[in-house]
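Trainee: What follows is a protein structure lacking sequence information:
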């Protein structure tokens, strides 16, 4: 939905009354007040496709009372349901305020037309508390709960879709991975509304359940963590590191320089790993083994985070 900023003059006779959240009808005292200051009022908001008023019923009545033939109008482009949302938002934030029961009724209607919107988003539109919307959402409809209660995702005010809970996000991620086993972790995380780390954990658990290593470059072998590299560092890794050292995005940022130092130290260590291991005391070897595995897992996880995205999931 969208609305124009530039106003145009439209004949009063061409305008119809739209679907208003006001249950009490027109406030005649307010119409009289507006009629006395009609030229100082903002343009009406009108749904272009129907020529019905989205916001400005009292201004239209005031214009008719004064015998005005033309009024400034801004166009609203959108569906009837979206027009009602706009009407509620505008009447909540300006002009003659909506009564409490009108706000609650509007919230119930928007919940029915936009069930995937979050409670906070609907509450912000209607000027009610989020718990009011949550209570409306739990109300039964006939012999069933509202269908959106079963939905795993909600859309917030920022337009992003998020799972209702961490467990819901994991279920969505698992389903995406089953349908698209080669999808990257970042693609899965973005579509499931979870972190990349959580997506990695879901992938590992699926691999454990299957007892296999999942296919594709974005999958991680499970359940065993990756082992430390051998005593000789691959030449290709050295070449890649040399290239990264010249990368301005890393070279000129504090985090980038810290990452380069850490990667360089790790590669240098792997070249001497066998020698260093031979000089360690026996009582510390088990602890060192656990630390080494944790470090190896950390680097593997980091590799998943920075892996290029696979093709987008349909």
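Mentor: Thanks, I have it. Quantities reported herein were computed from a predicted structural model and do not represent experimental measurements.

Trainee: Which parts of the stretch 151-300 of the chain are helices?
Mentor: Counting by DSSP state H, counting those that start in this stretch, residue ranges of the helices within the stretch 151-300 of the chain are 166-179, 185-192, 196-210, 235-245, 248-251, 254-271, 273-278, 285-305.

Trainee: TSV please, covering those helices and showing distance to residue 44 and mean pLDDT.
Mentor: For every residue, glycine as well, the C-beta is placed using N, CA and C. What follows is these, written out as TSV (distance: least, CB to CB, whole Å; pLDDT from 0 to 100):
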stretch	distance to residue 44	mean pLDDT
helix 166-179	42	80
helix 185-192	40	80
helix 196-210	48	82
helix 235-245	59	81
helix 248-251	51	83
helix 254-271	52	86
helix 273-278	75	76
helix 285-305	51	85
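
Trainee: Now render those helices as CSV, adding mean neighbour count and distance to residue 102.
Mentor: Formatted as CSV, the helices of the stretch 151-300 of the chain follow (neighbours: other CB atoms under 10 Å; distance: least, CB to CB, whole Å):
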stretch, mean neighbour count, distance to residue 102
helix 166-179, 17, 33
helix 185-192, 22, 37
helix 196-210, 17, 41
helix 235-245, 12, 60
helix 248-251, 11, 53
helix 254-271, 13, 51
helix 273-278, 12, 71
helix 285-305, 13, 48
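
Trainee: what kind of secondary structure is residue 9 in?
Mentor: Here residue 9 is recorded as strand under DSSP: H, G, I helix; E, B strand; the rest coil.

Trainee: Tell me where the stretch 1-150 of the chain is predicted with low confidence.
Mentor: Low-confidence segments of the stretch 1-150 of the chain, defined by pLDDT under 70: 1, 93, 140-150.

Trainee: let's go with 90 and repeat that
Mentor: 1-7, 16-27, 30-42, 56, 66, 78-79, 89-101, 111-125, 127-128, 130-150 (pLDDT under 90).

Trainee: In a markdown table: the helices of the stretch 151-300 of the chain, plus distance to residue 122.
Mentor: Formatted as a markdown table, the helices of the stretch 151-300 of the chain follow (distance: least, CB to CB, whole Å):
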| stretch | distance to residue 122 |
| --- | --- |
| helix 166-179 | 19 |
| helix 185-192 | 23 |
| helix 196-210 | 27 |
| helix 235-245 | 47 |
| helix 248-251 | 41 |
| helix 254-271 | 39 |
| helix 273-278 | 57 |
| helix 285-305 | 34 |
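
Trainee: Can you check which of these gets nearest to residue 30?
Mentor: Set against residue 30 and scored by CB to CB, these come closest in helix 166-179, at 45.6 Å.

Trainee: So what's the gap between the closest one and the chain middle?
Mentor: Distance of helix 166-179 from its chain centroid, counting by CA atoms, centre = their mean, to the nearest Å, is 16 Å.

Trainee: Just list whatever residues bridge to residue 74.
Mentor: Legend: beta-bridge partners of residue 74 under DSSP bridges are residue 45.

Trainee: State the distance from it to residue 53.
Mentor: 11 Å (CB to CB, to the nearest Å).

Trainee: Those two: which has the busier surroundings?
Mentor: For residue 74 versus residue 53, neighbours defined as other CB atoms under 10 Å are more numerous around residue 53 (25 against 19).

Trainee: residues near the nearest residue to that one once chain neighbours are set aside, how many?
Mentor: Using CB to CB, 6 or more residues apart in numbering and skipping the chain neighbours, the partner closest in space to residue 53 is residue 18 (4.4 Å). Per other CB under 10 Å, the neighbour tally for residue 18 reads 24.

Trainee: And what about residue 18, helix, strand or coil?
Mentor: Strictly by three-state DSSP, residue 18 counts as coil.

Trainee: correct me, but it touches residue 48?
Mentor: No. At 11.9 Å, residue 18 and residue 48 do not qualify as touching, with contact defined as CB atoms under 8 Å.

Trainee: which neighbours do residue 74 and residue 53 share?
Mentor: Common contact partners of residue 74 and residue 53 (CB atoms under 8 Å, 6 or more residues apart in numbering): 44-46.

Trainee: What residues does residue 59 make contact with?
Mentor: Counting by CB under 8 Å, 6+ apart, residue 59 has contacts 34, 38, 41, 44, 71.

Trainee: what about it, distance to residue 286?
Mentor: 79 Å.

Trainee: Which one of the shared contacts of residue 74 and residue 53 is nearest to residue 191?
Mentor: residue 45 (34.9 Å).

Trainee: just checking, residue 186 touches residue 200?
Mentor: No. At 10.3 Å, residue 186 and residue 200 do not qualify as touching, with contact defined as CB under 8 Å.

Trainee: Need the residues touching each of those two.
Mentor: By CB under 8 Å, 6+ apart, no residue touches both residue 186 and residue 200.
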